[in-house]
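In: heads up, no residue letters with this:
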């Protein structure tokens, strides 16, 4: 039994998907914080996907099996999108929550993310960095501008009122999205998952989250040109192209 398991059979299970590639500096600390979370009425299934790491990530994970429920090991680095799909295929929870393996996002925000599930039986919850979080690290202007633009576009096409669609913290009812039908493997995969979930849901919420974004020197990977694939995916999912 995982340290944060709940023996209550009626508890809602959340599958926390943690894709990791060369995150030896943070993966054990991150999983430790995840395991510290205790939320009444919920239990966590932690699914870690080692995406062909070439550093000590794999070895550290094998030495600490008490920190996760399932470990998926990719034979070679296939990218975050492939790792996410691999994790989703073995997930068994009522809900799915994505968690980056670095420390940009704090698992202590799980309580706020799960409140709309407990209170309103919500289908989707996004953690927003822009609705009065306790703190947020000042990050790149062009990233924020691009985020606002794609969020506006998404809201117009899907009739929603999100403030931050490209937050890592996307929580949704697992039955809304079939991982076998996902087509995107790049940065646009997040938009594909959100779009598919929104089109099949009725109750959607946002909650504030804290954010400690990394700089490029610290390992940040997303670049400005990724926005084009995201925009194309938003249109494709909405109009079936």
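Out: Right, received. Where do you want to start? This one's a predicted model, so the numbers in the text were calculated from it and none came from an experiment.

In: quick one: pLDDT of the residue lying closest to residue 32 once chain neighbours are set aside?
Out: Spatial nearest neighbour of residue 32, excluding adjacent residues (Cβ to Cβ, 6 or more residues apart in numbering): residue 67 at 6.6 Å. (Each C-beta comes from the backbone N, C-alpha and C, glycine too.) According to the predicted model, the pLDDT of residue 67 comes to 98.

In: please apply the same query to residue 141.
Out: Turning to residue 141, the model gives it a pLDDT of 74.

In: state the distance from it to residue 179.
Out: 34 Å (Cβ to Cβ, to the nearest Å).

In: those two: which is more packed in?
Out: For residue 141 versus residue 179, neighbours defined as other Cβ atoms under 10 Å are more numerous around residue 179 (16 against 8).

In: picking up where we left off before, isn't the residue nearest to residue 32 up against residue 46?
Out: Yes: taking contacts as Cβ atoms under 8 Å, residue 67 lies within contact range of residue 46: 7.1 Å.

In: what residues do these two have in common as contacts?
Out: With contacts taken as Cβ atoms under 8 Å, 6 or more residues apart in numbering, the residues that reach both residue 67 and residue 46 are 31, 34-35.

In: contacts for the lowest-mean-pLDDT helix or strand in the chain?
Out: For the chain, scoring each helix and strand by mean pLDDT, DSSP states H and E identifies helix 141-158 as the least confident one, at a mean of 88. If you take Cβ under 8 Å, 6+ apart as the criterion, helix 141-158 is touched by 160-166, 191, 194-195, 198-199, 222, 224, 227, 230-231, 234-235, 238.

In: follow-up on the earlier one: in helices, which of the shared contacts of residue 67 and residue 46 appear?
Out: Among these, the residues falling in helices (DSSP state H) are 31, 34-35.

In: tell me the one of these nearest residue 98?
Out: Within those, proximity to residue 98 (Cβ to Cβ) peaks at residue 34, which comes in at 12.1 Å.

In: quick one, what contacts the closest one?
Out: Residues near residue 34 by Cβ under 8 Å, 6+ apart: 4, 16, 18, 44, 46, 67, 99, 107.

In: next: residue 39.
Out: For residue 39, the contacting residues are 110-111, 114, taking Cβ under 8 Å, 6+ apart as the criterion.

In: if you set the cut-off to 6 Å instead, what comes out?
Out: 111, 114 (Cβ atoms under 6 Å, 6 or more residues apart in numbering).

In: just say helix, strand or coil for it.
Out: Secondary structure state of residue 39, per DSSP: H, G, I helix; E, B strand; the rest coil, is coil.

In: what about it, distance to residue 12?
Out: 9 Å.

In: now the strands: where do they sit in the chain?
Out: Counting by DSSP state E, the chain has strands at residues 12-20, 42-50, 70-73, 95-98, 124-128, 170-173, 204-208.

In: what residues are up against the residue most central in space within the chain?
Out: Among the residues of the chain, the one closest to the centroid is residue 98, at 2.2 Å (Cα atoms, centre = their mean). Under the criterion of Cβ under 6 Å, 6+ apart, the neighbours of residue 98 are 17, 168, 170.

In: if you set the cut-off to 7 Å instead, what comes out?
Out: When contacts are counted by Cβ atoms under 7 Å, 6 or more residues apart in numbering, residue 98 is found next to 17, 168-170.

In: before we move on, what about residue 200?
Out: Residue 200 touches residue 176, counting by Cβ under 7 Å, 6+ apart.

In: and with 8 Å instead?
Out: The neighbourhood of residue 200, defined by Cβ under 8 Å, 6+ apart, consists of 123, 176-177.
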